[in-house]
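A.B. asks: Below are the sequence and a predicted model for it; my questions follow.
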Amino acid sequence: MRPVLSTLLVALPAVLAAQANRLPPLRESPAASVSLDIGLTNVKIDYHRPAVRGREIWGKLVPYGETWRTGANEPSLITFGGDVKVDGKDVPKGTYAFYTIPNKESWTAILSKNTKLWGSYGYDAKDDLLRWTLKPEAKDGKGTEYMSFFLIPTGSSSARVELHWEKVRVMFNVDVDVHGAYRKLVLEKIAAAKPEEPKDGVLYFQAAQYYFKQNLEPAQALAWATISCKTWESFWPFELKARLEEKAGKQAEANADMEKAIALSKSAKNAPPKEYIDTLEKDLAAWKAKK
């Protein structure tokens, strides 16, 4: 026969769920989150922040050599909005539980596909997506009272994740193929667009502008700019088309399209700054002066 207490504990979640009018839990370790966009990819960490409160943390409250939820209450969760590299290792888009196994000289970091556990109870290595090694560093000063995650940009396509608690810091890098992801998006959008649709004129301009700035497939960029000029009567696509033509050695066409861009910029309802128009006229004069 099942003990009465055991039966009550099993039934308690269902009872609580059925009670609409009940008090929320008060947690000593507050919930927190931090997020950062790396290109089109958002990285977000959701966690609970335990406090030191005068306790000995490493090797005591957090035992060495044991799997730790890396926070309080539920395990910390890391969500990658796109495919990334974590310390050089491929990680697909998704949400993962972040566990660690702290030791004095090194930590094992874990991304687990099981995000439904409470703490590390029931953790199973078979759910691991990735394991790698972190090097703990000693922090100067009084330390960090409440455990904190930080997402620190280190470039246009990378960031560093840092975990601070007490007088210890660990960190790892996240890298994103920003331009690969953006180029994929460009091609997906263009594949769904219609060249004859005026509403898609801006899209073709944006695609051509991105290729122009990244020095990708000049002929393709010029083709998209040409479509944009046919469906969007604005100085923006004509200037871009002119610059692509000038770069391709099509000087007569470039001069004509730059003249069109200048005329449209002067007659536009929301005219661009005079400095912009002056730049177009200066560049056109320089092109015409070429022999």
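C.D. replies: Sure thing, it's come through. Numbering: from 1, shown residues only.
A.B. asks: Please count neighbours and contacts with C-alpha atoms only from this point.
C.D. replies: OK.
A.B. asks: can you count the residues close to Val34?
C.D. replies: Counted with other Cα atoms under 10 Å, residues neighbouring Val34 total 14.
A.B. asks: How about Gly65?
C.D. replies: Gly65: 14 neighbours (other Cα under 10 Å).
A.B. asks: what about it, distance to Leu77?
C.D. replies: Distance check for Gly65 against Leu77: by Cα to Cα, to the nearest Å, it reads 21 Å.
A.B. asks: Lys199 now?
C.D. replies: 40 Å.
A.B. asks: same for the longest strand belonging to the chain, what does it pack against?
C.D. replies: Assignment by DSSP state E gives strand 144-155 as the longest strand of the chain. If contacts are counted by 3 or more Cα pairs under 8 Å, 6 or more residues apart in numbering; DSSP states H and E, strand 144-155 sits against strand 31-38, strand 158-166.
A.B. asks: Who are the packing partners of the shortest one?
C.D. replies: Using 3+ Cα pairs under 8 Å, 6+ apart as the contact criterion, the neighbours of strand 31-38 among helices and strands are strand 41-48, strand 144-155.
A.B. asks: Would you mind giving these as JSON lines with mean pLDDT, mean neighbour count and distance to His164 added?
C.D. replies: Below are those laid out as JSON lines (pLDDT from 0 to 100; neighbours: other Cα atoms under 10 Å; distance: least, Cα to Cα, whole Å):
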{"stretch": "strand 41-48", "mean pLDDT": "98", "mean neighbour count": "21", "distance to His164": "13"}
{"stretch": "strand 144-155", "mean pLDDT": "98", "mean neighbour count": "18", "distance to His164": "5"}
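A.B. asks: Helices of the stretch 1-150 of the chain, residue ranges please.
C.D. replies: Applying DSSP state H, counting those that start in this stretch to the stretch 1-150 of the chain gives helices spanning 4-18.
A.B. asks: about what we covered before: adding mean pLDDT and distance to Ala285, write the helices and strands packed on strand 144-155 out as TSV.
C.D. replies: Listed next are the helices and strands packed on strand 144-155 as TSV, based on pLDDT from 0 to 100; distance: least, Cα to Cα, whole Å:
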stretch	mean pLDDT	distance to Ala285
strand 31-38	97	40
strand 158-166	98	41
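A.B. asks: Asn173 contacts Val161, correct?
C.D. replies: Yes. At 6.1 Å, Asn173 counts as touching Val161 under the criterion of Cα atoms under 8 Å.
A.B. asks: For the nearest residue to Asn114 once chain neighbours are set aside, grab the count of nearby residues.
C.D. replies: Distance criterion Cα to Cα, 6 or more residues apart in numbering; nearest residue to Asn114, sequence neighbours excluded, is Asp127 at 6.0 Å. By the measure other Cα under 10 Å, the count of residues near Asp127 is 14.
A.B. asks: the more surrounded of Lys199 and Leu77?
C.D. replies: The residue with more neighbours, out of Lys199 and Leu77, is Leu77; 23 against 14, by other Cα under 10 Å.
A.B. asks: wait, doesn't the more buried one sit right on Ser112?
C.D. replies: No. Using Cα under 8 Å, Leu77 makes no contact with Ser112, being 9.3 Å away.
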